[in-house]
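Undergrad: From the sequence below, what's the structure:
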Amino acid sequence: MATQSTHIILPPPTPDVLAKAAALSVYDNVGKEVTFGSLFHDQKTIVVFIRHFFCGNCQQYVIQLAAVRNDALDAANTRLVVVGCGDWKLIQSYREITGFPYAMYADPSRALYNTFGLEESLKRTPAGQARRSYIGGSFLGNVVKSIWGGLKNPLFVGKQGNISQLGGDFIFGPGETCSYASRMKHTEDHVEVADLMKEAGVEYP
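TA: Here you go, the predicted model:
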């Protein structure tokens, strides 16, 4: 029998790490370069670092994130942002696939991922540990979904980002502060959306 999934919350980034990260660049869906720090300079911001843009598991997670209501975010004076490690040209297609209505950025150099200590791994949920609720279908089905994402957009193949890169879930701001940090330990390890919204004070669903 699988045991209940537990999540180890690691210490938030130090002020030096936050300052370094804030100065790094990300790119929006039209290729505009902005500093990462500008995303949370004057507002609390939930930032979800996904894996590569073809990851079927992360797509399922972002579909759940898309259900977070705009009025709930407004009431909490909070933004919701997703960052991927591939080419910014994949953002628009990704948003259409997932129905994600909020801001999305790309960090193709993975400078932010490295700065925040986000690991690389292809491991799945450990034996005996319950899988996250966003993990739907079989492992093979999720692999096929990831491959199909590339086949549907052959021009994007090779631009999805490093397939072994893991992500993480953070709450930044306002300013160079971080009140919550969770770094994935395997490929199915995003924080449950309900738990993440609770940490941010955002009503969900």
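Undergrad: D169 belongs to a strand, doesn't it?
TA: Yes. Residue state for D169 (DSSP: H, G, I helix; E, B strand; the rest coil) corresponds to a strand.
Undergrad: Was I right to think it contacts L196?
TA: Yes. Using CB atoms under 8 Å, D169 is in contact with L196, at 5.5 Å. (C-beta placed from N, C-alpha, C; glycine too.)
Undergrad: quick one, which of the two is more surrounded?
TA: Neighbour totals were compared for D169 and L196, and D169 leads with 27 against 23 (other CB atoms under 10 Å).
Undergrad: give me every residue that touches that one.
TA: I46, V47, V48, F49, Y180, A181, S182, H190, V191, L196 (CB atoms under 8 Å, 6 or more residues apart in numbering).
Undergrad: Go ahead and report the secondary structure state at the third one.
TA: The three-state label given to V48 by three-state DSSP is strand.
Undergrad: Check the fifth one too.
TA: Classification of Y180 using three-state DSSP returns strand.
Undergrad: Grab the nearest non-local neighbour of it.
TA: In space, and not counting its chain neighbours, Y180 is closest to I171: 4.0 Å by CB to CB, 6 or more residues apart in numbering.
Undergrad: got the contact list for that neighbour?
TA: By CB under 8 Å, 6+ apart, the neighbours of I171 are K44, T45, I46, V47, C178, S179, Y180, A181, L196, E199, A200.
Undergrad: hmm, which of these are the buried ones?
TA: Among the contacts of I171, those classed as buried by 16 or more other CB atoms under 10 Å are K44, T45, I46, V47, C178, Y180, A181, L196, E199, A200.
Undergrad: Check whether the fifth one really touches P12, as I assumed.
TA: Yes. If you go by CB under 8 Å, C178 and P12 touch, sitting 3.9 Å apart.
Undergrad: Which neighbours do the two have in common?
TA: Counting by CB under 8 Å, 6+ apart, the common neighbours of C178 and P12 are F170.
Undergrad: ranges for the strands of this protein?
TA: 25-27, 33-35, 44-49, 78-84, 103-106, 168-172, 178-183 (DSSP state E).
Undergrad: helices and strands of the chain: which one has the lowest mean pLDDT?
TA: helix 139-152 (a mean of 49; mean pLDDT, DSSP states H and E).
Undergrad: Where do the helices of this structure begin and end?
TA: 15-22, 56-65, 70-75, 91-98, 111-115, 139-152, 193-200 (DSSP state H).
Undergrad: Tell me which other helices or strands the last one touches.
TA: Which is helix 193-200. Contact here means 3 or more CB pairs under 8 Å, 6 or more residues apart in numbering; DSSP states H and E; on that basis helix 193-200 packs against strand 44-49, helix 56-65, strand 168-172, strand 178-183.
Undergrad: Alright, I will stop here.
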